[in-house]
Structure formats: C-alpha cells, structure tokens
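Student: Pasting the sequence and the predicted coordinates here, then a few questions.
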Amino acid sequence: MNSFIEFAIENTLNSVNISEGGYNEAPTSIGSVADQLWDVDEPDRFAKLALRYPEILTYDEQLLWKLVRETSGLWRGQYDNKENWTWKVIEAMLIFERLREYWQVLKDIARGDALKTQLPVWIWDRHRPVEPNPTPLFDPDDVPPPDEDIPF
C-alpha cells in the first residue's frame, strides 16, 4: 500500500509543471526540482521556492517574500559605486540562520500582527561592518494610546 501511494505521488509530481518552459526549453515538472526545493525547515523551503519560482507564490506568500527581500538584516551585501550598501536577492546572499530565527516574526508582520521594528536591520560603517541590531527601535507597549478627544 505504501509503495503504491509513493508511486502515485511521484507520478503526479512528475506530471505537474512548475514552469511551462520557453523557446527551446522543456517544461519543468515539480518532481524534477523537488530535491532542489525540499528542506526540513519551513523558512528554507519557502526561500528556495521564492528564489527559483516566485511566480507560483500565493498572494500571502508574495507579501511575505517582499518583506524578506526588503529586510536588510537577512542578507549579505556590498557597497555599490555610490557608496550605498546593497544586496542581491540570490540564494548565496541570504542568511538562512537569521531567516529561521526571525521566521515567526516575519509571518506575523506579513499578516499585520506585528511591527517591522522587530526585524534585524543591517547597520554599516564603511570600514567596519556592524552586526544587525535585533532590538526594536521602540517598544509598541510603551507607546501611549491615542487621545480619544480630538480637538476640532
């Protein structure tokens, strides 16, 4: 029974295309790239899929991926010719350990349940890299509630 189920899943994955291919390119099936995309850690699986096949992400996954791409503390980078610190969104530049560490926070922020200030920010001195500061710029609990009476 188990062998039959494994065969059925493998056969299905090999028949479902993740990309249609292009000029002189054959379509790519999920089964043919499964080994490249699989990881036991959810954030790693997500990043591998988003880096290789961003077009198949759901809307919610696209929001999460945008947040990951824009969080400087998750990426290795370099100076450009205008002395601005930049990073490329490629697998070799992603700091997977930090992605795993902040995974739940990233998901909470993407859902609107947390603030971006909880994410690491990469602070750079031109001559000496400084580790990201994971401390929020302010504690949301310290912010007083808005005034109920607005004078107009």
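Tutor: Here it is on my side, so go on. Residues are numbered from 1 along each chain as shown.

Student: which stretches of this structure form strands?
Tutor: With strands called from DSSP state E, the chain shows them at 17-19, 28-29, 78-79, 85-86, 121-125, 128-133.

Student: Confidence-wise, which of those is weakest overall?
Tutor: Mean pLDDT per stretch puts strand 128-133 lowest among those, at a mean of 51.

Student: pLDDT weak spots in this protein?
Tutor: 11-17, 19-24, 29, 31-32, 122-152 (pLDDT under 70).

Student: any idea how it splits into domains?
Tutor: As given by automatic domain parsing, the domain ranges for the chain are 1-34, 39-140.

Student: My read is that A47 contacts E91, right?
Tutor: Yes. With contact defined as C-beta atoms under 8 Å, A47 counts as touching E91 (7.4 Å). The C-beta positions use only the backbone N, C-alpha and C, and glycine is treated the same way.

Student: When these two are compared, which one has more neighbours?
Tutor: Shown here are A47 and E91; by other C-beta atoms under 10 Å, A47 has more neighbours (23 against 11).

Student: who's in contact with the more buried one?
Tutor: A47 sits next to V68, E91, L94, F96, L99 when contact means C-beta atoms under 8 Å, 6 or more residues apart in numbering.

Student: 10 Å instead?
Tutor: Counting by C-beta atoms under 10 Å, 6 or more residues apart in numbering, A47 touches 37, 39, 41, 65, 68, 74, 89, 91, 94, 96, 99-100, 103.

Student: For the residues you listed, which entry has the maximal number of neighbours?
Tutor: Busiest of these [other C-beta under 10 Å] is L74, holding 26 neighbours.
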